[in-house]
Every structure is written in C-alpha cells, then in structure tokens.
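Peer 1: Sequence isn't available, so here's the structure alone:
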C-alpha cells in the first residue's frame, strides 16, 4: 500500500532520473516502446499523452517488433524494470541492429549492461526497497518517458504537466470508496469496460492491477465493440462476473445512450454493474485517477482475501520453468 500511495512523488523523480538521455535523438519522428507487463503499460499511457500532441507512439510486447517502421526516424525506448526480461532484451537487439535511436530504462540487470556495451543512453531507476514491484513504478516510468521525448525535441517541457498531476493525485483521498468497492468485488470476476482511448489505457491497467495485486482473473474490453459480440456471451453465465464501467464526464450523446443501455442490459441478465465516474479535469488526470483508485482497490481486495498483494509467485515460477526448459533444450540428446 505504501508503494501504491507513493505514486504522486514518482513523476518528477522519474523525470530527474533521465538526465540528458534522449538529447541525441533529435530527428526522430515516431516513438516505439518495447517492454512487457508493468514495464510496457507505461508506453500506453505515454501514447495517450503524446499522440494528441502530434507524436505517434507504438508499444511492442513481444520478442520481435512487428508492423512498426524501424530505423533512424524511430526513437525506441526499451523498458524493463528488472532489466532481465528476455522478450525485452531480444527487442533491444533488433531495434539497435535496425538503426533506431535507442534509450534503455531499467533498475539495473542485463538491460543496463547491454546498453553500456552497445553505447545506448540508459535511464537508471533506484529501487525504493527490495520488494518494490514494476507495476507500482508507473509514475517513474511516465516521468522518465515523457522527459526522454522532451529531450529529443518531440514534446515541450513536461515538468509543469508532471507537477500538476503529482499535486492533483496527492490531494486525493480514495481509501474509503476503494474499500467499499473492494468489498463488492473480492469474490467476483471483474470485467472492465471503457470508451475510446481509455480502453487500452485505464481499462487495461485496471485489469493488470486486479490480476497482480488481487491475484484474481479480470478482463477488459471497450464500447462500442463489446456490444457487437461480448455482450451476448453473458446469455449463459459461467461465473460470478461483475462489470466495471468507466464513465467519462462528457460522453457524446450516442455513446452516453449506449453506455446506459449496456449497463441496463448487463444487470437484466444478472451481471452486477459498477459504474465508476471519472472525475472532471484533464484527460491525463482522469487516466491517472483511474490507475490510482484501482491500485488501492486491488490492494484492499488482496487484504480482504487474506493474501499478500506484493509477490507474483506464479509469474516467477513460470519464468523458472521457462529457463529450465530452455536449458534442457540445449543439452545434446535430451528431449526438451
């Protein structure tokens, strides 16, 4: 919970960690973020912030970058909090070999060492403590990513916007409402719905927070697409689903009607609908409000369920199995 509540202080700390990284990348016309999990979704938030300001941003979550033009016109931010994510290290090799302008971001690990070997600028994060999780580092990443783009001449000075976000979030008191919602969700399967650009940002990250902090399945989708397919899937309920609908303050009339009828339809077939009103303010504030609020919700769900929200044992076990399988495949005569 301390890590979650420390979000506001991270923005400017992340910006301060950048130094001059990105200043040699003038001339880039597009941005690519390569990462996985909690080191990738900050790229979605970067796109939410940068695209309306005329900067195209893509996010790659894979060993190889696909369907993105690579070369000196592309600024590739290669991001892994641990520095040891194998998909991200693979992507680094590809973007560097393709001639992209590369900046790496990590709290150490192989990524930092590879950046030094390749001569790439590197942004180093100091871990607040040994148990700090990448998914709790959103403010560090966002402050760093936006500052890299500013150094590269793709964005104006971002410190005023980062400072405003920090002040607005620090003034929030979401704990009581978060505990109430956690009490209604802790034994359910949440499905998070949003509209427009909030689908791949707020809805996606809420799903991730519920997965990793609360250790529960969760899913997300967007309106109006879900009305054409997913909605009918609730005809035959196969689990205790609850819909979470993120409502923007000023939806166009057609989308507002669709939003209301979606909620009514879900309730009519036995799916509780939790409508969460995004606050007034800039779209960046609304986005980070949703992140912050559901961070707290997800931690309270974990506490109510009697589990520690911090470790991700199943992910770590999966990684160990993956390494063992790769090592076995390299042993001559052994069936991998």
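Peer 2: On my side now, so go ahead. Because the structure is predicted, anything quoted here is derived from the model rather than measured.

Peer 1: contacts for stretch 291-298?
Peer 2: The contact list for stretch 291-298, computed with C-beta atoms under 8 Å, 6 or more residues apart in numbering, reads 1, 4-5, 7, 136, 138, 169, 172, 174-175, 177-178, 181-182, 185, 202, 205-206, 209-210, 212-214, 276, 309. Glycine gets a C-beta too; all of them are placed from N, C-alpha and C.

Peer 1: Got a quick PyMOL command for the buried subset of those residues?
Peer 2: Those of these that count as buried under 16 or more other C-beta atoms under 10 Å are selected in PyMOL with:
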select buried, resi 4+5+7+136+138+169+172+174+178+181+182+185+202+205+206+209+210+212+213+214+276+309
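
Peer 1: What about the contacts of stretch 291-298, which are in strands?
Peer 2: Of the contacts of stretch 291-298, the ones assigned to strands by DSSP state E are residue 276.

Peer 1: Among the contacts of stretch 291-298, which lie within helices?
Peer 2: 4-5, 7, 138, 169, 175, 177-178, 181-182, 185, 205-206, 209-210, 212 (DSSP state H).

Peer 1: Nearest to residue 272 among those?
Peer 2: Comparing those against residue 272 with C-beta to C-beta places residue 185 closest, at 9.4 Å.

Peer 1: How much space separates the closest one from residue 191?
Peer 2: For residue 185, the distance to residue 191 equals 11 Å [C-beta to C-beta, to the nearest Å].

Peer 1: any shared contact partners between these two?
Peer 2: Common contacts of residue 185 and residue 191, defined by C-beta under 8 Å, 6+ apart, comprise 242, 244.

Peer 1: and the ones in helices among the contacts of stretch 291-298, which two are the farthest apart?
Peer 2: Farthest apart among those by C-beta to C-beta are 169 and 185. That separation is 22.2 Å.

Peer 1: Next, the spatially most central residue of the chain: phi, psi?
Peer 2: For the chain, the residue sitting closest to the mean C-alpha position, by C-alpha atoms, centre = their mean, is residue 41 at 2.4 Å. Backbone torsions of residue 41, given as degrees, to the nearest 10, read phi -60, psi -20.

Peer 1: Verify the stated contact: it with residue 204.
Peer 2: Yes. The criterion here is C-beta atoms under 8 Å, and residue 41 meets it with residue 204 at 6.4 Å.

Peer 1: OK, contacts around residue 220?
Peer 2: Residues near residue 220 by C-beta under 8 Å, 6+ apart: 191-194, 199, 203-204, 206-207.

Peer 1: Who does it form a beta bridge with?
Peer 2: residue 192 (DSSP bridges).

Peer 1: distance of it from residue 211?
Peer 2: 11 Å.

Peer 1: Next: residue 292.
Peer 2: 17 Å.

Peer 1: tell me the domain ranges of the chain?
Peer 2: The record's domain parsing of the chain by automatic domain parsing lists 2-169, 173-305.

Peer 1: how far is stretch 233-243 from where the chain is centred?
Peer 2: Averaging C-alpha positions (C-alpha atoms, centre = their mean, to the nearest Å) puts stretch 233-243 26 Å from its chain's average.

Peer 1: Now do the buried residues in that stretch.
Peer 2: 234, 241-243.

Peer 1: Please name every helix or strand in contact with the helix or strand hosting residue 261.
Peer 2: Residue 261 belongs to helix 253-268 when assigned by DSSP states H and E. When contacts are defined as 3 or more C-beta pairs under 8 Å, 6 or more residues apart in numbering; DSSP states H and E, helix 253-268 sits against strand 189-195, strand 219-223, strand 241-247, strand 273-277.

Peer 1: quick one: that helix to chain centroid distance?
Peer 2: With C-alpha atoms, centre = their mean as the basis, helix 253-268 stands 27 Å off its chain's centre.

Peer 1: do the same with stretch 223-238
Peer 2: Relative to the centre of its chain, stretch 223-238 is centred 25 Å away, using C-alpha atoms, centre = their mean.

Peer 1: That stretch spans what distance, first to last residue?
Peer 2: Between the opening and closing residues of stretch 223-238 there is a gap of 22 Å (C-alpha to C-alpha, to the nearest Å).

Peer 1: Mind checking the pLDDT average for that stretch?
Peer 2: Regarding stretch 223-238, the rounded mean pLDDT is 96.

Peer 1: which residues are contacting that stretch?
Peer 2: With contact meaning C-beta under 8 Å, 6+ apart, stretch 223-238 is reached by 193-195, 199, 221, 241, 255, 258-259, 262, 265-266, 269-271.

Peer 1: Let me know how buried residue 17 is, in neighbour terms.
Peer 2: 17 (other C-beta atoms under 10 Å).
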